[in-house]
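> Sequence and predicted model, in that order:
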Amino acid sequence: MSRYPFNEIEPKWQKYWEEHKTFRAVEDESIPAEKRRYVLDMFPYPSGAGLHVGHPEGYTATDIYSRYLRMKGYNVLHPMGFDSFGLPAENYAIKTGTHPWETTNKNINTFRRQIKSLGFSYDWDREVSTCEPDYYHWTQWIFEKLYEKGLAYEAVTPINWCPSCKTGLANEEVKEGRCERCGEKVEKKNIRQWMLRITAYADKLLEGLDELDWPESVKTMQRNWIGRSEGAAVFFTVDGTGDKLEVYTTRCDTLFGATYMVIAPEHPLVSKLTSPEQKEAVDKYLDEVKHKSDLERTDLAKEKTGVFSGSYAINPVNGKRIPIWIADYVLISYGTGAIMAVPAHDTRDWEFAKKFNLPIIEVLKGKVDVQEEAWTEDGIHVNSEWLDGLNKEDAIRKMLEFLEKNGYGHKAVNYKLRDWVFSRQRYWGEPIPLIHCPHCGTVLVPEDELPLRLPEVDKYEPTGTGESPLANVDSWVNCKCPKCGGDAKRETNTMPQWAGSCWYYLRYIDPHNDKAFVDPEKEKYWMPVDLYVGGAEHAVLHLLYSRFWHKVLYDLGLVSTSEPFHSLVNQGMITSFAYQKANKSLVPTDLVEEHDGKYFDKETGEELTQVIAKMSKSLKNVINPDDFIKNYGADSVRMYEMFMGPLRESKPWATNGFIGVYRFLDRIWRIATEKKIEDIALNPELDKLLNKTIKKVTEDTETLAFNTAISQMMVFVNELNRLDTVPKKAMETLTLLLSPYTPHLAEELWVMFGHEPSVALEKWPEYDEAKTVDDEIEIVVQINGKVRAKMLMPREASKDEMLEKAKSNEKILGWTEGKTIIKEIVVPGKLVNIVVK
RNA sequence: GCGAGAGUGGUGAAACUGGUAUACACGCUAGUCUUAGGAACUAGUACUUCGGUGUGCGGGUUCGAGUCCCGCCUCUCGCACCA
């Protein structure tokens, strides 16, 4: 009876919004630029598991914000779509033979239904899906722009290779060095790949961060990922052969302490540098390294391994012969794949030198004996001939002069950032629009032939050679060269999942345009994205790749802003409770029972500790929002997710608090339907509370502090609930404040109070600042910083008045009697502190 | 190991620039009412030897610290030998 009929209200209003296209965004030129906002969610990958409670958290936040902005008179672009190419659908296809298209669209339909059931104010006319030819047409087109600009190139690079499945694997398919599917040990295999030269944009990507309103933590992570460092390239001559071995170092000033060199096992000079006597040992070592998993190779705690190549290099500063070693602690992917080792001042070099008995020479005066441990902090140079006595800066400067003058090296900048491996040997991705012609070389598919559609295939497995399944489709692979008309073959690699998500925010602006990826006028109208909300897991890769593409498009004059996302908010992860045994292992939730507030293992009866853990399938603690929507309504789910805690912080999904939010909405419903609502004036106190509430909700909605905005609405509703007759104005204002949060309930109430729909198009209420402050304030009186008395005073009371009243307070007199007052501190409107001795 | 973030009641959490620690909600206790529901309403709910003590622990700055500084501990996330 008292239960408010959300199951009737919610579908009704969702239908209304859809039919009336209430949230359609139109490029209305009469709305000035400062009154336009683009509010974006990270679009979901439509997995088979459906929506999980983490999705609606971010989506509700942006929805509340978008609805609030519209009521404030902004023109808001708030779209949704699907990142629909990807591994799971393809793996499912391999297993079952179901076309990924079918699986994906089924999942998209589920996702769309679930998202719509929460009543978000998306402009659904702008929905995009990255696997649609109309969409990937333009992903391919942008790739062609990158290619024309010289930012795409071919290289031979290693992939994870499963010798038993005969396929390449993504990093996430490799679990502890083994293939996730068959358990076979994963190897490295070199194959031809398409690369994107993101490193050419390293400095731009770095500098661009300064102008962004992003969390400092994300900016720091991106800066570290780009990893710019300044140092020197130094050339060592190989003794005997005259080959040049180039190293990169940030501390060229320690060159006198370089007692050996190390090259990575993958270094191109390995075989040339290996002497006949050492060949057997080197081959054995290379074989060991090849069979090591990434995990083994990168385990920091492991013993250093390596082998002597048999060759020596000449240290350019002193002409000394130093041995060249091969070791896997040097990475081919960073710097030049070769280092000069300074064991006295680098922990890794020191460990290696100790193990293989290589000389350690101190060149920076430190506080330890470098034969016993490495000194890795700064010090004055010693044992360095003409650098002795200098500090780091001066020594580096002097050494660089020396290197440059003698042609031994030069200043150099290095990045941790590597070029982006852009091809995948997979079916379910955008075909790379290139043709290999024996006469003309690599040729782009002509623009008017785009989109280059994915052909149908019989099998979704990669070919035994690791090529994409597309390689098996002769009719597709064999084509004519667009340049010379001769026989040619298509590129069979596809693009990674990132490709589609790199630019989707631009397609939302003009999703049905078949002449361009986006209309320049419309692009100017909406860009940049004003607020982008999503999970912190995308802090580096997605956001860096997107920024890269955007900057390329900007340099080509195709977009009007140099950065795509002006402000970014990472929603905290919604975690779940998990149950832990004494031995720290976790028990799946369905095997846990609760009594008397304690948790026990159903099988063993062991008492378990409740801990917080990431939601995972294996723990069976993933929460699907559907059940909650069914039992409590979408408005409750929306509001609860916002009431749980601050948006940016991670928090556990603790369902026992859910009922509180439901009761709150139910209470509003009962006030509206069971109490007398009359057109009467608000009493001054209620009026004051109303103004305070508008103020608090306005400010908190603006700053995305939704949890405290909701608290304030609760305070207000609790007050209304005490009245027998409720002023209509109070209820109407409440409805307006509620409408971004619980839009269905608000629409229903708005009509109930005699208005026309939709409340979403009404004006946000305003408050009277004068009515938000109390005339009388409670002033705290402290003795030595401890609260000893409280008194009510007019808010404009002067310091003297406050002090006088405090000192004449009975309680305070008891504390000051017989003591000396040393100091008196008066904070107007707040407190009086009297320091006594 | 490095980087980022967080520790406040039985629970989720409030506390803007240092100024009444625990708003709001859950749970719990008692009561009222009832066509017994996952109801509504009212009161209470940090500890206490009633002096005080309390925001992970130990110090410091200050008239005053959850908030600032130093040193630890624990947890979460990200990255992995970056020369």
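The structure has been received and is ready for your questions.

> Now do the helices in the stretch 401-550 of chain A.
For the stretch 401-550 of chain A, the helices defined by DSSP state H, counting those that start in this stretch cover A:474-477, A:498-501, A:504-507, A:520-526, A:541-555.

> With mean neighbour count as added columns, please give the ones you listed in TSV.
C-beta here means a position set from N, CA and C on the backbone, and glycine is covered the same way. Listed next are these as TSV, based on neighbours: other CB atoms under 10 Å:
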stretch	mean neighbour count
helix A:474-477	13
helix A:498-501	24
helix A:504-507	24
helix A:520-526	17
helix A:541-555	21
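
> Write out the residues of the stretch 601-750 of chain A neighbouring RNA strand B.
A:612-614, A:631-632, A:643-646, A:649-652, A:654, A:656-661, A:663-664, A:666-667, A:705, A:707-708, A:710-711, A:714-715, A:718, A:721-722 (CB under 7 Å from any atom of the strand).

> about what we covered before: closest to RNA strand B out of the helices of the stretch 401-550 of chain A?
Across the helices of the stretch 401-550 of chain A, RNA strand B has its closest neighbour in helix A:541-555 (7.7 Å, CB to the nearest atom of the strand).

> anything in that closest one near RNA strand B?
No: shown here: helix A:541-555 not in contact with RNA strand B (CB under 7 Å from any atom of the strand), separated by at least 7.7 Å.

> so what does that helix touch, helix or strand wise?
For helix A:541-555, the packing partners by 3 or more CB pairs under 8 Å, 6 or more residues apart in numbering; DSSP states H and E come out as helix A:133-148, helix A:202-208, helix A:216-226, helix A:498-501, strand A:565-571.

> end to end, how far does stretch A:732-750 reach?
With CA to CA, to the nearest Å as the measure, stretch A:732-750 spans 7 Å from end to end.

> Oh, that last question was meant for stretch A:35-46, not what I typed.
Termini of stretch A:35-46 sit 33 Å apart (CA to CA).

> what is the mean pLDDT for it?
For stretch A:35-46, mean pLDDT is 93.

> For chain A, which element, helix or strand, carries the lowest mean pLDDT?
helix A:294-298 (a mean of 57; mean pLDDT, DSSP states H and E).

> can you tell me if the next helix or strand after that one touches RNA strand B.
Following helix A:294-298 in sequence order, the next helix or strand is strand A:307-314 (DSSP states H and E). No: using CB under 7 Å from any atom of the strand, strand A:307-314 stays clear of RNA strand B, coming no nearer than 13.7 Å.

> by contact count, what packs against strand A:307-314?
strand A:229-238, helix A:270-273, helix A:279-291, strand A:321-326.

> partners of that strand in the sheet?
Strand pairing for strand A:307-314, determined by DSSP bridges: strand A:229-238 (antiparallel), strand A:321-326 (antiparallel).

> one step back: Serialize the helices of the stretch 401-550 of chain A to a markdown table and add fields for mean pLDDT.
Output for the helices of the stretch 401-550 of chain A, formatted as a markdown table (pLDDT from 0 to 100):
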| stretch | mean pLDDT |
| --- | --- |
| helix A:474-477 | 92 |
| helix A:498-501 | 90 |
| helix A:504-507 | 96 |
| helix A:520-526 | 96 |
| helix A:541-555 | 92 |
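
> burial count for A:Glu810?
7 (other CB atoms under 10 Å).

> same deal with A:Trp194?
Neighbours of A:Trp194 (other CB under 10 Å): 23.

> do the same with A:Asp666
A:Asp666 has 19 neighbouring residues, counting by other CB under 10 Å.

> Quick check: closest non-adjacent residue to A:Trp669.
Nearest residue to A:Trp669, sequence neighbours excluded (CB to CB, 6 or more residues apart in numbering): A:Tyr4, at 3.4 Å.

> Touching, that neighbour and A:Leu745? I think so.
Yes: between A:Tyr4 and A:Leu745 there is a contact at 7.3 Å, judged by CB atoms under 8 Å.

> so what sits against both of those two?
A:665, A:668-669 (CB atoms under 8 Å, 6 or more residues apart in numbering).

> List the contacts of the residue in chain A that RNA strand B sits nearest to.
Of all residues in chain A, A:Gly660 sits closest to RNA strand B, at 2.2 Å by CB to the nearest atom of the strand. Applying CB under 8 Å, 6+ apart to A:Gly660 gives the contacts A:Phe643.

> pLDDT on the strand or helix carrying it, on average?
Using DSSP H and E, A:Gly660 falls within helix A:658-674. Here helix A:658-674 scores 91 as its mean pLDDT.

> Okay, buried residues for that helix please.
Residues of helix A:658-674 classed as buried: A:658, A:661-662, A:664-669, A:671-672 (neighbour count, 16 or more other CB atoms under 10 Å).

> likewise stretch A:419-430?
Across stretch A:419-430, burial judged by 16+ other CB under 10 Å covers A:419-420, A:422-430.

> cool, stretch A:11-27 as well?
Buried residues in stretch A:11-27, counted by 16+ other CB under 10 Å: A:13-14, A:17, A:22-23, A:25, A:27.

> how long is that stretch end to end?
From its first residue to its last, stretch A:11-27 covers 29 Å (CA to CA).

> Residues touching it, excluding its own?
Contacts for stretch A:11-27 (CB under 8 Å, 6+ apart): A:75-79, A:116-117, A:119, A:121-126, A:521-522, A:525-526, A:743-744, A:747-748, A:757-758, A:760-761.
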